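Participant: how does the following fold in three dimensions:
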Amino acid sequence: MQALRDKGQVRPGQRVLANGAAGEVGTFAAQLATAFGAKVTGVCSTANVEMAASIGAGQVIDYTRRDSPEPGGGTAW
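Facilitator: You can find the predicted model right below:
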(Lines give C-alpha, C1' and ligand atoms only; values in the text may rest on other atoms or scores of the structure.)
Protein backbone atom coordinates (compact mmCIF):
# COMPACT_ATOMS: atom_id res chain seq x y z
CA MET A 1 0.00 0.00 0.00
CA GLN A 2 2.83 2.39 0.79
CA ALA A 3 4.36 1.85 -2.65
CA LEU A 4 1.13 2.78 -4.43
CA ARG A 5 -0.08 5.51 -2.10
CA ASP A 6 3.14 7.16 -0.89
CA LYS A 7 5.82 6.45 -3.49
CA GLY A 8 3.62 6.09 -6.58
CA GLN A 9 1.11 8.69 -5.43
CA VAL A 10 -1.65 6.88 -7.35
CA ARG A 11 -4.61 9.19 -7.86
CA PRO A 12 -8.02 8.92 -9.54
CA GLY A 13 -7.79 8.71 -13.32
CA GLN A 14 -4.15 7.62 -13.46
CA ARG A 15 -3.21 4.47 -15.33
CA VAL A 16 -1.57 1.59 -13.47
CA LEU A 17 -0.08 -1.56 -15.01
CA ALA A 18 -0.28 -4.56 -12.68
CA ASN A 19 2.25 -7.00 -14.09
CA GLY A 20 1.48 -10.38 -12.56
CA ALA A 21 -2.06 -9.33 -11.72
CA ALA A 22 -2.98 -12.88 -10.68
CA GLY A 23 -0.11 -13.29 -8.23
CA GLU A 24 -0.09 -12.50 -4.54
CA VAL A 25 1.30 -8.98 -4.82
CA GLY A 26 -0.29 -8.24 -8.20
CA THR A 27 -3.84 -8.92 -7.00
CA PHE A 28 -3.28 -6.69 -3.98
CA ALA A 29 -1.79 -3.91 -6.15
CA ALA A 30 -4.61 -4.08 -8.70
CA GLN A 31 -7.28 -3.91 -5.99
CA LEU A 32 -5.61 -1.02 -4.18
CA ALA A 33 -5.02 0.95 -7.37
CA THR A 34 -8.67 0.46 -8.29
CA ALA A 35 -9.71 1.61 -4.82
CA PHE A 36 -7.56 4.73 -5.30
CA GLY A 37 -9.50 5.44 -8.52
CA ALA A 38 -6.82 4.44 -11.03
CA LYS A 39 -7.53 2.74 -14.35
CA VAL A 40 -5.84 -0.64 -13.99
CA THR A 41 -4.47 -2.85 -16.74
CA GLY A 42 -3.62 -6.33 -15.50
CA VAL A 43 -1.12 -8.72 -17.07
CA CYS A 44 -1.64 -12.45 -16.54
CA SER A 45 -2.06 -15.80 -18.28
CA THR A 46 -5.21 -17.06 -20.01
CA ALA A 47 -6.33 -19.02 -16.95
CA ASN A 48 -6.47 -15.85 -14.85
CA VAL A 49 -7.99 -13.31 -17.24
CA GLU A 50 -11.45 -13.43 -15.67
CA MET A 51 -10.05 -13.23 -12.15
CA ALA A 52 -7.94 -10.18 -13.01
CA ALA A 53 -11.01 -8.46 -14.45
CA SER A 54 -13.05 -9.36 -11.38
CA ILE A 55 -10.60 -7.64 -9.01
CA GLY A 56 -10.75 -4.36 -10.89
CA ALA A 57 -8.57 -4.52 -14.00
CA GLY A 58 -10.48 -2.62 -16.67
CA GLN A 59 -8.20 -4.11 -19.29
CA VAL A 60 -6.40 -7.43 -19.11
CA ILE A 61 -3.42 -8.46 -21.20
CA ASP A 62 -3.03 -12.20 -21.67
CA TYR A 63 0.74 -12.57 -22.01
CA THR A 64 0.40 -16.06 -23.54
CA ARG A 65 -1.26 -14.70 -26.68
CA ARG A 66 0.81 -13.22 -29.45
CA ASP A 67 -1.72 -11.12 -31.37
CA SER A 68 -1.98 -7.36 -31.09
CA PRO A 69 -4.04 -5.59 -28.44
CA GLU A 70 -7.54 -4.65 -29.49
CA PRO A 71 -8.49 -0.99 -29.16
CA GLY A 72 -11.26 -0.17 -26.74
CA GLY A 73 -11.34 -2.13 -23.54
CA GLY A 74 -11.96 -5.48 -22.00
CA THR A 75 -9.41 -8.14 -22.83
CA ALA A 76 -6.54 -6.40 -24.55
CA TRP A 77 -4.79 -9.47 -25.94
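Participant: from what I can see residue 42 touches residue 29, true?
Facilitator: No - between residue 42 and residue 29 there is no contact under Cβ atoms under 8 Å: 9.3 Å. (Glycine included, C-beta is placed from N, CA and C.)
Participant: number of nearby residues for residue 3?
Facilitator: Neighbour count for residue 3, taken as other Cβ atoms under 10 Å: 11.
Participant: next: the one 4 residues further on.
Facilitator: Applying the criterion other Cβ under 10 Å, we find 8 residues in the vicinity of residue 7.
Participant: and the strands in the protein, which stretches?
Facilitator: Secondary structure of the chain (DSSP state E): strands located at 15-19, 39-44, 57-62, 74-75.
Participant: what's the least confident stretch among these?
Facilitator: By mean pLDDT, the lowest-scoring of these turns out to be strand 74-75, with a mean of 52.
Participant: coming back round to it: which one's more surrounded, residue 42 and residue 29?
Facilitator: Of the pair residue 42 and residue 29, residue 42 is the one with more neighbours under other Cβ under 10 Å, namely 31 against 25.
Participant: list the contacts of the more buried one.
Facilitator: 18, 21-22, 26, 30, 52-53, 55, 57, 59-61 (Cβ atoms under 8 Å, 6 or more residues apart in numbering).
Participant: turn these into CSV, including neighbour count.
Facilitator: Converted to CSV, the contacts of residue 42 look like this (neighbours: other Cβ atoms under 10 Å):
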residue, neighbour count
18, 29
21, 28
22, 20
26, 20
30, 28
52, 27
53, 19
55, 19
57, 30
59, 21
60, 25
61, 21
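Participant: before we move on, back to that, now the common contact residues for residue 42 and residue 29.
Facilitator: By Cβ under 8 Å, 6+ apart, the residues touching both residue 42 and residue 29 are 18, 21.
Participant: residues of the helix ranked longest in the chain that come out buried?
Facilitator: The longest helix of the chain (DSSP state H) is helix 24-35. The neighbour-count check on helix 24-35 (16 or more other Cβ atoms under 10 Å) flags 26-27, 29-34 as buried.
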